[in-house]
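Asks: need the 3D shape of this:
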Amino acid sequence: MKFKKLVAALLAVMMVASMAACGTSTASSAPAEAGSEAPAATEATAAEATEAPAAEAGSAAEAEAASAKEETPKADSIECDPLTINFSTVYNETETGGQIIKHFQDYISELTGGAIEMNIYWGGTLFSDAEALDGVNSGAVDMTALGHMPHLATLNYLAFPGFAPGGTQAALDYFDTLMFEDPETSALIQQEAADNGIIYLNVLAGGANAFCTTYEFTDLDSMISGSKSFGNMDAAIFEKLGFQVTSVGPGDCYDALQRGLIDSTQMGLAPMVSMGWEEVASYWALDGTYTAGNMFTANLDWWNNLSDAQRQAIQQACDEVEEYSAGLYDDSIASDCATIEEKTGNKMVEFSDADVERIWAATFDAKADSAMQTAEANGKAEGMTKILEKAAEITGYDWKH
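Replies: Numbering: from 1, shown residues only. I've put the predicted structure just below:
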């Protein structure tokens, strides 16, 4: 059970005692599935938590993240005072990310009988990815789906490898363990968030990563040996695998593949297909890693000033869309692979477990090196080491450091 439910039992007691303000009706007393109840960022919650590491802990936010989790019944409906959530996103409504946010909007409206509504600013009309953190921590918006990659210079503890092997759910479980479940790592990550005026409420699936080439290959070795120019902006990973890397941004890869400037590349599967790279690269393989991120993130002061029932409703909706995102991306991966095979006439290459392990080792080492450099520059090396050690443990990798 995640940090997100760390005070759900407390909330249930509090709401029974104060039904005059707002309350919850339940259809069953059976325990809910993981991810069904809300945290309240309160002093009482902080007092319960005792497991935050001494070197980094000491605040309410860390204590919340590290406290014990207890299951409570999942509410069929939640009565609460009216609320409009101002929500900013770079996604358009028709994109996969947009569908997830729409599902959140519909779910929370139904859950609260229309008491909680959303004012959604689509397509980066208010804030770009690079501006999203400033937008939410300033209070200009209440919530956002925060893409963490542009903000690692500030949110250092999110610089652990942003994907994991094993599938969509494995990637979500990996993030959930680090951010919400493990007492040490969640305390570090949530305290850093609190220091920046925000709180993370969930993490969303992000799809699969894939390789594509203009030449035929059957496994990782033949793909590496067949490449003369691998186009990518993240040279550290692919040089560790033995590729000769040419710096090419995602927006230029189609043209570079078509013109023969590069003969291979790697990126997230969904954007590769949306940009039509299967038209200029005929051979494909999933690389065995799956992304997650774009956490639903709230302004901390706003969150703390909500009623218990409002927080419970928002958190339950966040947990619902996390589960929803996994299914949505699994369907998207299958559809994209079918599109590639239909348009290229070639079956997707399936890497062996040993090849996937090699790819993950290069990925982990490159990302860990970068994370430690940033952390050391900001006096966070000890905390970052703990996070990376746990990340390696979760993914079964023997990290040498």
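
Asks: pull the longest helix from this structure.
Replies: Assignment by DSSP state H gives helix 308-344 as the longest helix of the chain.

Asks: tally of neighbours for Q99?
Replies: Other residues near Q99 number 17, with proximity taken as other CB atoms under 10 Å. For every residue, glycine as well, the C-beta is placed using N, CA and C.

Asks: pLDDT at it, what is it?
Replies: Looking at Q99, its pLDDT reads 95.

Asks: ok, A66 next?
Replies: On pLDDT, A66 comes in at 42.

Asks: what do you get for the one 10 residues further on?
Replies: In the prediction, the pLDDT value recorded for D76 is 77.

Asks: the one 4 residues further on too?
Replies: Taken from the predicted model, the pLDDT recorded for C80 is 96.

Asks: and it, what helix or strand is that in?
Replies: In the assignment (DSSP states H and E), C80 maps to no helix and no strand.

Asks: which residues are in contact with the host helix or strand of G383?
Replies: Assigned by DSSP H and E, G383 belongs to helix 381-395. By CB atoms under 8 Å, 6 or more residues apart in numbering, the residues outside helix 381-395 that reach it are 53, 55-56, 156-157, 159-161, 164-166, 173-174, 177-178, 182, 184-185, 188-189, 360, 364, 368, 371-372, 374-375, 398-399, 401.

Asks: narrow these to those in helices?
Replies: Of the contacts of helix 381-395, the ones assigned to helices by DSSP H are 173-174, 184-185, 188-189, 360, 364, 368, 371-372, 374-375.

Asks: looking at the residues you listed, which is nearest Q105?
Replies: For the ones in helices among the contacts of helix 381-395, the minimum distance to Q105 (CB to CB) is 25.7 Å, reached by D173.

Asks: OK, contacts around the closest one?
Replies: Contact analysis of D173 by CB under 8 Å, 6+ apart lists I394.

Asks: mind running it again at 6 Å?
Replies: By CB atoms under 6 Å, 6 or more residues apart in numbering, D173 lies in contact with nothing.

Asks: cool, I120 as well?
Replies: Residues near I120 by CB under 6 Å, 6+ apart: F87.

Asks: that one looks like it's in a strand, true?
Replies: Yes - assessed with DSSP: H, G, I helix; E, B strand; the rest coil, I120 lies in a strand.

Asks: hmm, who's touching stretch 297-306?
Replies: 41, 136, 139, 142-144, 146, 194, 197-200.

Asks: the residues you listed in helices, which ones?
Replies: The helices, defined by DSSP H, take in 136, 194 from those.

Asks: from the contacts of stretch 297-306, which would you call buried?
Replies: 41, 136, 142-144, 146, 194, 197-200 (16 or more other CB atoms under 10 Å).

Asks: save the residues you listed as a markdown table, and put in distance to F127 and pLDDT too.
Replies: Below are those laid out as a markdown table (distance: CB to CB, whole Å; pLDDT from 0 to 100):
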| residue | distance to F127 | pLDDT |
| --- | --- | --- |
| A41 | 23 | 35 |
| V136 | 8 | 98 |
| D142 | 13 | 98 |
| M143 | 12 | 98 |
| T144 | 7 | 97 |
| L146 | 10 | 95 |
| A194 | 21 | 98 |
| G197 | 15 | 98 |
| I198 | 13 | 98 |
| I199 | 18 | 98 |
| Y200 | 17 | 98 |
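
Asks: residue nearest the centroid of the protein?
Replies: The chain has G293 as the residue nearest its centroid, 1.7 Å off, counting by CA atoms, centre = their mean.

Asks: for that residue, what are phi and psi?
Replies: phi 140, psi -150 (degrees, to the nearest 10).

Asks: and for D287?
Replies: phi -90, psi 0.

Asks: retrieve the pLDDT associated with it.
Replies: On the pLDDT scale, D287 is placed at 98.

Asks: again, but for P31
Replies: Predicted confidence (pLDDT) for P31: 31.

Asks: of the contacts of helix 381-395, grab the buried ones for ChimeraX.
Replies: Selection command for ChimeraX covering only the buried members of the contacts of helix 381-395, criterion 16+ other CB under 10 Å:
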select :53,56,156,157,159,160,161,164,165,166,173,174,177,178,182,184,185,188,189,360,364,368,371,372,374,375
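
Asks: just to be sure, H103 is in a strand?
Replies: No - the assignment for H103, made by three-state DSSP, is helix rather than a strand.

Asks: so it touches V321, yeah?
Replies: Yes - under the criterion of CB atoms under 6 Å, H103 makes contact with V321 at 5.5 Å.

Asks: quick one, what contacts the residue nearest to the centre of the chain?
Replies: 148, 162, 206.

Asks: just put the ones in helices among the contacts of helix 381-395 in a markdown table and tack on pLDDT and distance to F211.
Replies: Supplementary listing: those in a markdown table, determined by pLDDT from 0 to 100; distance: CB to CB, whole Å:
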| residue | pLDDT | distance to F211 |
| --- | --- | --- |
| D173 | 97 | 24 |
| Y174 | 98 | 21 |
| E184 | 98 | 35 |
| T185 | 98 | 30 |
| L188 | 98 | 33 |
| I189 | 98 | 30 |
| W360 | 98 | 14 |
| F364 | 97 | 18 |
| A368 | 97 | 22 |
| A371 | 97 | 24 |
| M372 | 97 | 27 |
| T374 | 95 | 27 |
| A375 | 96 | 30 |
